[in-house]
Every structure is written in C-alpha cells, then in structure tokens.
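[1] need coordinates for the following:
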Amino acid sequence: MGKQMTEMLKGTLEGIVLALLADRPAYGYEITARLREQGFSDIVEGTVYALLVRVEQRGLVDVQKVPSEKGPPRKVYSLNPQGRAYLDEFWRTWSFLAERIGQLHDDTEGDD
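    Next up is the predicted model:
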C-alpha cells in the first residue's frame, strides 16, 4: 500500500471497522481477517487493536469477554447505539466527500 493510501486509510479505518461490527460482533483477529478479505491486505493487527481500544474508550462499542479454546478469553466487540449513531454520521460524511471529490475529478478530467 502506498503512502497516500496509508494516509487516507488512517482517516477512515475507524468507520470501516465500525461498519464491519454493524454487520456482526467480532474479536480483533477476526476483524483484521475480514479487513484483509475486503482487500485491505496491508492492515496489521496492532493497528486494529489500537483502534479497538480507542473506540471502546469512546463508548462506541460494547465488549464481552468470551472463553477461548487457547489462551485467555477473547474480547468480542459489538456496535452499540452510540457507535451506530457515529457510523451513520461517518456514512453521511463519506457520501458528502465522495460526491465532492467525484465532481472535482469530473471537472478536471477534461482539462488534460
């Protein structure tokens, strides 16, 4: 992943992870695997775990400890109503930005 992609992803990864959790609850490694399935192949687990700590501290997710076959219990994250509201705002903002960027692209594409 190039530097530009990495920088853009920093600003959107939180919303992407919350969108995954809106689909179904998941634990950290599972979230990383799902991101990779979606094409975010360069995402490292440490980035996801740090993000999960932040969204937990901000009250956007609920956490349940679930026994694991190997090792300590897993923390399973699920989107709560505050997280849902945040995700809804993320999608509204994303739509606004994508529309404006698309318009800029269309306006400047013919200037070559």
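[2] tell me the buried residues in the longest helix along the chain?
    In the chain, with assignment by DSSP state H, the single longest helix is helix 81-109. By 16 or more other CB atoms under 10 Å, the buried positions in helix 81-109 come out as 83, 86-87, 90. To be clear about C-beta, it is placed using only N, CA and C from the backbone, and glycine gets the same treatment.
[3] got these as TSV, with distance to residue 45 columns?
    Shown next, in TSV, are the buried residues of helix 81-109 (distance: CB to CB, whole Å):
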residue	distance to residue 45
83	21
86	23
87	22
90	22
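[4] mind checking how far residue 85 is from residue 33?
    With distances taken as CB to CB, to the nearest Å, residue 85 is found 27 Å from residue 33.
[5] and of the buried residues of helix 81-109, the nearest to residue 15?
    Using CB to CB, residue 90 comes nearest to residue 15 of those, at 3.7 Å.
[6] surely the closest one touches residue 17?
    No. Counting by CB atoms under 8 Å, residue 90 stays clear of residue 17, with 10.4 Å between them.
[7] check which helices and strands the helix or strand residue 50 falls within sits against.
    Assigned by DSSP states H and E, residue 50 falls within helix 45-57. Here helix 45-57 touches helix 3-23, helix 28-37, strand 61-66, strand 74-79, going by 3 or more CB pairs under 8 Å, 6 or more residues apart in numbering; DSSP states H and E.
[8] so which of those is the most surrounded?
    Ranked by mean neighbour count under mean count of other CB atoms under 10 Å, those are led by strand 74-79, which reaches a mean of 19.
[9] now that strand against helix 28-37, angle please.
    For strand 74-79 against helix 28-37, the angle by axes from the mean of the first three to the mean of the last three CA atoms, to 10 degrees is 60 degrees.
[10] what's the mean pLDDT across strand 74-79?
    Mean pLDDT, computed over strand 74-79, is 96.
[11] stretch 34-44 too?
    The pLDDT scores in stretch 34-44 average 90.
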